[in-house]
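Chemist: Mind looking at a prediction? Sequence and model below.
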Amino acid sequence: MNLDFLNRNQLSLLVLINTAMLFVGLFNCPYEYYIILRTLTVLSAFYIFTYLGKRCSDGRLTDGKSAYLCFGFLCVSVLYSPLWEEEFSKGDWLFWNILTIAMYSYFYKKYMHKKSISETTPKQAKNSSSFSGYKGTSNQTKTLTKNLSSEVKQNSEFNLSHYDKGCEYEYNQEYDLAIESFLKSAKEGNSDAMYKLSYCFLHYKEESTLESYEWCEKAINSGNSDAVQLLERIKKFIQQEKLLAECIKSSIEGDADSQYKLAEIYLDGRKGLARDIEKAISWLRKSVKQKHPMASCILARTLNYYHRQGNLEEIANLYKSSASKNVPQAQYKLALMYYSGDGVKKNKKSFKKWLDLAIQNKYRNALSFKQLVEEAEKGIPARQYQLGKMYLDQYVHDGCGIHLENSLKPNYKDAIALISKAANQGEARAKDFLDQKKKVDELVKRADEGDKSSQYEVVSLSSRSIYLDVESQESKGWYQEIQKSIYK
């Protein structure tokens, strides 16, 4: 059962079940039947208590006494009911079932009896028992009807059908239907619906900030305290929209800094703009043309992440341009490229030059890498293992279109040489790595012998395994054939 949608039919069913239990219990029944019936009673009491507690907590039910009464009944039912006794009298059974039926009848009469006042129209009220015996003038009748209509409006928080439907639609991510339901409830005066409507307009409906602002103000005026914080967020969002509009305008007019900022927004998908890598690259290129120092670095990094293949020379040149303008991140990346020969020729002198400049500019990754290289050259096994892994990281992440910040140009031969040195000195992680690599080597051997399942497994591993030398596999005929059949 859904705790948000207790209705008259469900409560009526619970009353009927317990009435049936009362009569069944008066006859001789197996003890197991009593256990089942009493368990149902306790569960149904817990159900109603949870429902009432939830209504009290969100402010839609102000009669907290009912929740406490039901909680007390639940405790007594669990702790002192025939459920825990192996033998009990029919008198006990009769007493507890009558108490249960009385409890349900109380809730039925108080909250569920026929239509609630919020569902009753003045015309229906005129013909109802509340008007029986009244013989006033037609004007007096109209006055009473008008007063009742006013009371209906004041108590509209009890008409929760539209609001509950809206909550259900929102939970199921059917936002248009949720907005439609919240709107109906909000027009009836439900301040919670006004708040939810404002929230939905802000988060789920494009170009609806104004509607969100208006409904949030209405919710505050209707006494919804949660809407105060939401209004602050809406004001910040409106301010961001204004700043974004100014940034776009300045970018179109050719301002390099604005073009760079707009590119960053597209990269992250912030301030109401969807993430768009190609638009980000386009605006970065425009900013680079105007020699923006950070734009060159971020464009190089973006191309390295998403368009590495065939662009290594451009990436290196962009890092050089940014590094020469004293950008430490670019200096560090350029140092790594010279160290591993990634897009440039290996050059220890250039590596040391750019790494030292990055360290002088307090780029922490640069200092960490320098220490790593020095300690690996001294033969420290843990550092040899870590440096070896840096040669392999890209094997895993290139398959996802990502080139790690601290990864080196893939070099399987150098990586295995470093990891093997570490394993020979007792480095546990290096030993585990070589054990896993041995298993993959056996798989490759079976694939070379013609085992189809092994061949498919090797191809699938090629994009995500650091234990497989991909470059040595790509030249094999069976590898190329299976790769074409998978990715055609």
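Modeler: Happy to help now that I have it.
Chemist: measure Tyr385 to Ala335 for me?
Modeler: 21 Å (C-beta to C-beta, to the nearest Å). (Glycine included, C-beta is placed from N, CA and C.)
Chemist: of those two, who's got more company?
Modeler: Ala335 (27 against 24; other C-beta atoms under 10 Å).
Chemist: list the contacts for the more buried one?
Modeler: By C-beta atoms under 8 Å, 6 or more residues apart in numbering, the residues touching Ala335 are Ser350, Phe351, Lys352, Lys353, Trp354, Leu355, Ala358, Ala366, Phe369.
Chemist: Skip ahead from the strand or helix carrying it and say which helix or strand is next.
Modeler: Ala335 is part of helix 328-340 when elements are defined by DSSP states H and E. Proceeding N to C from helix 328-340, the next assigned helix or strand is helix 348-360, under DSSP H and E.
Chemist: what pLDDT, on average, does that following helix get?
Modeler: If you average the pLDDT over helix 348-360, you get 94.
Chemist: ok, and the closest non-adjacent residue to Asn311?
Modeler: Leaving aside its sequence neighbours, Asn311 sits nearest to Leu303 (C-beta to C-beta, 6 or more residues apart in numbering; 5.0 Å).
Chemist: for stretch 211-227, which positions count as buried?
Modeler: Glu211, Ser212, Tyr213, Trp215, Cys216, Lys218, Ala219, Ile220, Ser222, Asn224, Asp226, Ala227 (16 or more other C-beta atoms under 10 Å).
Chemist: got it, and stretch 447-460?
Modeler: Quick answer for stretch 447-460 (16+ other C-beta under 10 Å): Ala447, Ser454, Gln455, Glu457, Val458, Val459.
Chemist: Thought Trp478 was touching the first one, still the case?
Modeler: Same thing as Ala447. Yes: in this structure, Ala447 is within contact of Trp478 by C-beta atoms under 8 Å, at 6.9 Å.
Chemist: Name the residues contacting each of those two.
Modeler: Gln455.
Chemist: His176 and Ala295, how far apart?
Modeler: Careful, residue 176 is Asp and not His. Distance, Asp176 to Ala295, using C-beta to C-beta: 40 Å.
Chemist: These two: who's more crowded?
Modeler: Shown here are Asp176 and Ala295; by other C-beta under 10 Å, Ala295 has more neighbours (27 against 11).
Chemist: Could you measure from that one over to Ile359?
Modeler: Noted for Ala295: a distance of 24 Å to Ile359, by C-beta to C-beta.
Chemist: cool, and Lys196?
Modeler: As judged by C-beta to C-beta, Lys196 and Ile359 stand 53 Å apart.
Chemist: what about those two, which has more around it?
Modeler: More neighbours surround Lys196 than the other of Lys196 and Ile359, with 28 against 20 (other C-beta under 10 Å).
Chemist: Tell me who's in contact with the more buried one.
Modeler: Taking C-beta under 8 Å, 6+ apart, we find Lys196 in contact with Tyr163, Gly166, Cys167, Glu170, Ala178, Phe182.
Chemist: Could you find the closest non-adjacent residue to the fourth one?
Modeler: Spatially, and ignoring its direct neighbours in sequence, Glu170 is nearest to Ala178 (4.1 Å; C-beta to C-beta, 6+ apart).
Chemist: Tell me, how many residues neighbour that neighbour?
Modeler: When neighbours are counted by other C-beta under 10 Å, Ala178 registers 23.
Chemist: show me what contacts it?
Modeler: Ala178 sits next to Gly166, Cys167, Tyr169, Glu170, Lys196, Cys200, Tyr204 when contact means C-beta under 8 Å, 6+ apart.
Chemist: ok, of the residues you listed, which one's closest to Gln425?
Modeler: Nearest to Gln425 out of the contacts of Ala178 is Tyr204 (C-beta to C-beta; 57.9 Å).
Chemist: returning to what we had before: and the buried residues of stretch 211-227, which two are the farthest apart?
Modeler: Glu211 and Asp226 (18.0 Å).
Chemist: circling back to that earlier point, can you tell me which helix or strand the residue nearest to Glu170 belongs to?
Modeler: helix 175-187.
Chemist: Now that helix: average pLDDT?
Modeler: 89.
Chemist: again with stretch 435-448
Modeler: Mean predicted confidence for stretch 435-448 is 91.
Chemist: One more: stretch 16-30?
Modeler: Averaged over stretch 16-30, pLDDT sits at 63.
Chemist: before we move on, which element is Lys218 in?
Modeler: Counting by DSSP H and E, Lys218 is part of helix 209-221.
Chemist: Using PDB, write out every CA atom in that helix.
Modeler: Taking Å, rounded to 0.1, in the frame of the first residue of the first chain, the C-alpha atoms of helix 209-221 are listed here in PDB:
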ATOM      1  CA  THR A 209      12.000  31.200 -13.800                       C
ATOM      2  CA  LEU A 210       9.400  34.000 -13.700                       C
ATOM      3  CA  GLU A 211       6.500  31.600 -13.000                       C
ATOM      4  CA  SER A 212       8.600  29.900 -10.300                       C
ATOM      5  CA  TYR A 213       9.200  33.300  -8.700                       C
ATOM      6  CA  GLU A 214       5.500  34.200  -8.700                       C
ATOM      7  CA  TRP A 215       4.300  31.000  -7.200                       C
ATOM      8  CA  CYS A 216       7.100  31.100  -4.600                       C
ATOM      9  CA  GLU A 217       5.900  34.500  -3.400                       C
ATOM     10  CA  LYS A 218       2.300  33.200  -3.300                       C
ATOM     11  CA  ALA A 219       3.500  30.300  -1.200                       C
ATOM     12  CA  ILE A 220       5.200  32.600   1.300                       C
ATOM     13  CA  ASN A 221       2.200  34.900   1.500                       C
END
